[in-house]
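**Student:** Just a sequence and a predicted model for now, questions to come.
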Amino acid sequence: MNSGPSSSSHTPAAVRGQAKRRRTFAVISHPDSGKSTLTEALALHARAIGTAGATHSKAGRRSTVSDWMSMEQERGISITSAALQFEYDDVVFNLLDTPGHADFSEDTYRVLSAVDSAVMLVDAAKGLEVQTMKLFEVCKHRGIPIVTVINKWDRAGHEPLALMDEIHERTGMLPTPLTWPVGQSGDFRGVLDRLTGEYTKYTRDSGGASIAGEETFAPEAAQQLEGETWTTAVDEAELLELEEQDHDQEAYLAGRTTPVLFASAVLNFGVHKLLDTLVAIAPAAEPRPDVNEEPRPVDAPFSGFVFKVQAGMDSNHRDRLAYVRVCSGVFERGMVVTHANTGKPFATKYAQQVFGRDREAVDEAFPGDVVGLVNASALGVGDSLYLDRKVVFPGIPTFSPEHFMVIRAKDSSKYKQFRKGIEQLDHEGVIQVLRSDLRGDQAPVLGAVGPMQFEVAEDRMVNEFNAPCELERLNFSIARRTVRDSVPTLSRERNVEVLSRSDGELLALFSDRWRLQGVERAHPDVVLEPLVVS
């Protein structure tokens, strides 16, 4: 995000022009499908970084710069989210990297609220996996158009036509391949461009740390070069044409079809084509509907919403960062905006772009961009900010926790640090904090979507807040929203406990669904509502 003139010099037409240049997207996948590797391969091709790394450490390659937590680097997974901005072909990309592990699906859901499109990464050998399908459902629910990338084609995997059938059957979207692989999985030679009929041949570099070589051939030259392998690719591509699996922009934006590309992110094969595809077909930043479903024009005064809060990103920066998606107007560092939730002014003196441990000051940003506001202790996930005319964007729902543990400080002399750490993790949404008069503040209950959230919480309590703690698992697996009038009845039931969440909601915890069903039958008037993501 480059510095520039003040917002007063940006005409509405200029702001609309900047919004049209933006492509804000996320990569969704099952763990170990190559998401972080693809993120860096895209940045490499856009010259945003000099050398790509991989989360699986290899000689001569670094860990990905987008994964900064020690736990991420040790396990080769993404836990936190990163926002990377880069320019390519006069288009400004905002790539929001998301946690790949299923235990952090809540954080991924938040990130998906801030994007305009998604890239669904599919492992050529494993096809559509559980977490990929969960994230696909979120995209489908939110109306986010999807480009599919069949990754790891350099390794043995399924037949390409079989993968197309699986995508169609399981997602309901008709796959419309833009490229088709030349060479079976494990023997990735290049791709056939279905629009031009040309052959792009890839040349392997040393470990995929730099941009792979590409050479384009006309169909006749491709036939001479690849022989029977080229003929097979052409024949399969013709089958797609007979089935009318051709790209249709309106159908793609409506979520009825998904354009498909074949790639090997670790070797940087097909990454260039993905960027070109996003430039050509991915939606730009458009008016976002507010809570009343009225679209806020992109050229209206500044507005945005917080989709993530993060602290502890770097021991050198003991600050709290709120990630804001700009929805309208021009953001300028130093401007004073209004916090819609409280009506209070909020000064944006420190604004940054953050990717991994790298930070860069942001002077201005446009619709579609992501800004990290520093020391944003007053801001929470889902909060709206605006200039001039008030606007409130839809909030971001909280997932229903399925795992519960009591957390206590090991050292009573560090109780102050313990409380500070718990409050911080709760504010960021790293974990849900539940309390009751019976347990008291010294033994809050942590609720999580996945068990690994507890590991992250414990690690940060020890290393970031210097508050060693101990965790004790509770025998609950289901949470339901309830009301105060129902508490006395629920409190008398065995294997049931009512706790208060920091947002004021009362949650009734049950050992299992049979216990829940028993209470519902015995007390039909008690309020027990599912916590549904909408």
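**Tutor:** Nice, thanks for sending it over.
**Student:** So in the chain, where's the weakest helix or strand by average pLDDT?
**Tutor:** Ranked by mean pLDDT, DSSP states H and E, the helix or strand of the chain with the weakest confidence is helix 70-75, at a mean of 48.
**Student:** So what does the most far-flung residue of the chain relative to its centre look like in phi/psi?
**Tutor:** Ranked by distance from the centre of the chain (CA atoms, centre = their mean), the top residue is Q224, with 43.6 Å. The phi and psi torsions at Q224 (degrees, to the nearest 10) take the values phi -70, psi -40.
**Student:** Now do the closest residue to A508 other than its chain neighbours against R155, distance only.
**Tutor:** With sequence-adjacent residues excluded and distances taken as CB to CB, 6 or more residues apart in numbering, A508 is closest to T482, at 4.5 Å. To be clear about C-beta, it is placed using only N, CA and C from the backbone, and glycine gets the same treatment. According to CB to CB, to the nearest Å, T482 and R155 sit 50 Å apart.
**Student:** can you give me the helices in the stretch 51-200 of the chain?
**Tutor:** Assignment of helices within the stretch 51-200 of the chain using DSSP state H, counting those that start in this stretch yields the ranges 70-75, 105-112, 130-142, 160-171.
**Student:** Of these, which stretch is the most buried?
**Tutor:** Highest mean neighbour count of these: helix 105-112, a mean of 23 (counted as mean count of other CB atoms under 10 Å).
**Student:** so that helix versus helix 130-142, what angle?
**Tutor:** 40 degrees (axes from the mean of the first three to the mean of the last three CA atoms, to 10 degrees).
**Student:** can you pull up the bridge partners for I28?
**Tutor:** Judged by DSSP bridges, the bridge partners of I28 are M120.
**Student:** What sits closest to I144 if chain neighbours are left out?
**Tutor:** In space, I144 is closest to A118, 5.2 Å off (CB to CB, 6+ apart).
**Student:** In this structure that neighbour contacts V138, no?
**Tutor:** No: using CB atoms under 8 Å as the test, A118 is too far from V138 to be in contact (9.1 Å).
**Student:** between the two, what contacts are shared?
**Tutor:** 112, 144 (CB atoms under 8 Å, 6 or more residues apart in numbering).
**Student:** How about residues contacting the helix or strand harbouring L275?
**Tutor:** Using DSSP states H and E, L275 sits in helix 271-281. Helix 271-281 has contacts (CB under 8 Å, 6+ apart) with 23, 25, 38, 41-42, 44-46, 88-89, 91, 93, 117, 119, 147, 149, 178-179, 191, 200, 211-212, 214, 247, 249, 252, 259, 261, 263, 265.
**Student:** For it, the averaged confidence score.
**Tutor:** Averaging pLDDT along helix 271-281 yields 95.
**Student:** what's the next secondary structure element after it?
**Tutor:** Defined by DSSP H and E, the subsequent element after helix 271-281 is strand 288-289.
**Student:** neighbouring strands for that next one, and are they parallel or not?
**Tutor:** strand 295-296 (antiparallel).
**Student:** Beyond the strand it pairs with, next helix or strand please.
**Tutor:** strand 303-311.
**Student:** helices and strands around that following strand, which ones?
**Tutor:** helix 105-112, strand 320-328, strand 384-386, helix 415-428 (3 or more CB pairs under 8 Å, 6 or more residues apart in numbering; DSSP states H and E).
**Student:** Could you check how many residues crowd around the residue nearest to I144?
**Tutor:** Neighbourhood size, A118 [other CB atoms under 10 Å]: 26.
**Student:** got a list of what it touches?
**Tutor:** 25-28, 112, 135, 139, 144-147 are the contacts of A118 under CB under 8 Å, 6+ apart.
**Student:** if you set the cut-off to 6 Å instead, what comes out?
**Tutor:** 25-26, 28, 139, 144, 146 (CB atoms under 6 Å, 6 or more residues apart in numbering).
**Student:** Quick one: buried ones out of those?
**Tutor:** 25-26, 28, 139, 144, 146 (16 or more other CB atoms under 10 Å).
**Student:** got these as TSV, with distance to E470 and pLDDT columns?
**Tutor:** Formatted as TSV, these follow (distance: CB to CB, whole Å; pLDDT from 0 to 100):
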residue	distance to E470	pLDDT
F25	41	96
A26	36	93
I28	35	89
C139	39	89
I144	41	95
I146	43	98
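**Student:** Quick one: low-confidence residue ranges for the protein.
**Tutor:** 1-9, 47-82, 98-106, 205-210, 311-319, 354-359, 532-534 (pLDDT under 70).
**Student:** okay, now the closest residue to E166 other than its chain neighbours: neighbour count?
**Tutor:** Spatial nearest neighbour of E166, excluding adjacent residues (CB to CB, 6+ apart): G127 at 5.2 Å. By the measure other CB under 10 Å, the count of residues near G127 is 17.
**Student:** G127 and L95, how far apart?
**Tutor:** From G127 to L95 the distance is 24 Å (CB to CB).
**Student:** Equivalent analysis for P451, please.
**Tutor:** For P451, the distance to L95 - CB to CB - is 29 Å.
**Student:** More neighbours: those two, which one.
**Tutor:** L95 (26 against 12).
**Student:** who's that one bridged to?
**Tutor:** F25, L84.
**Student:** ditto for A365
**Tutor:** With DSSP bridges as the rule, A365 is bridged to F331.
**Student:** what number of residues lie near it?
**Tutor:** Considering only other CB under 10 Å, A365 is surrounded by 28 other residues.
**Student:** S384 contacts N341, doesn't it?
**Tutor:** No: in this structure, S384 is not within contact of N341 by CB atoms under 6 Å, at 7.0 Å.
**Student:** Comparing the two, which shows the higher neighbour count?
**Tutor:** Neighbour totals were compared for S384 and N341, and S384 leads with 24 against 16 (other CB under 10 Å).
**Student:** quick one: that one from I150, how far?
**Tutor:** 38 Å.
**Student:** L38 now?
**Tutor:** In terms of CB to CB, L38 sits 12 Å off from I150.
**Student:** which residues touch E214?
**Tutor:** Neighbours of E214 in contact, by CB under 6 Å, 6+ apart: T200.
**Student:** I'd assumed it was in a helix, is it?
**Tutor:** No: using DSSP: H, G, I helix; E, B strand; the rest coil, the assignment for E214 is strand, not a helix.
**Student:** State the distance from it to K273.
**Tutor:** 9 Å.
**Student:** for Y386, same thing?
**Tutor:** Y386 is 39 Å from K273, by CB to CB.
**Student:** Who has more neighbours out of those two?
**Tutor:** Y386 (24 against 20).
**Student:** So for that one, what's the nearest residue that isn't a sequence neighbour?
**Tutor:** Closest to Y386 by CB to CB, 6+ apart is S303, at 4.3 Å.
**Student:** Please verify my assumption that that neighbour contacts V391.
**Tutor:** Yes: between S303 and V391 there is a contact under CB under 6 Å: 4.8 Å.
**Student:** Need the residues touching each of the two.
**Tutor:** With CB under 6 Å, 6+ apart as the test, S303 and V391 both reach R296.
**Student:** if you count what's nearby, which of those two comes out ahead?
**Tutor:** Comparing S303 with V391 by other CB under 10 Å, the one with more neighbours is S303, at 31 against 25.
**Student:** measure the residue nearest to D290 when sequence neighbours are not counted to V326 for me?
**Tutor:** Spatial nearest neighbour of D290, chain neighbours left out: V391 (5.1 Å); criterion: CB to CB, 6+ apart. Distance, V391 to V326, by CB to CB: 12 Å.
**Student:** With S477 instead?
**Tutor:** 40 Å.
**Student:** out of those two, which sits in the more crowded spot?
**Tutor:** Per other CB under 10 Å, whichever of S477 and V326 has more neighbours is V326, with 29 against 16.
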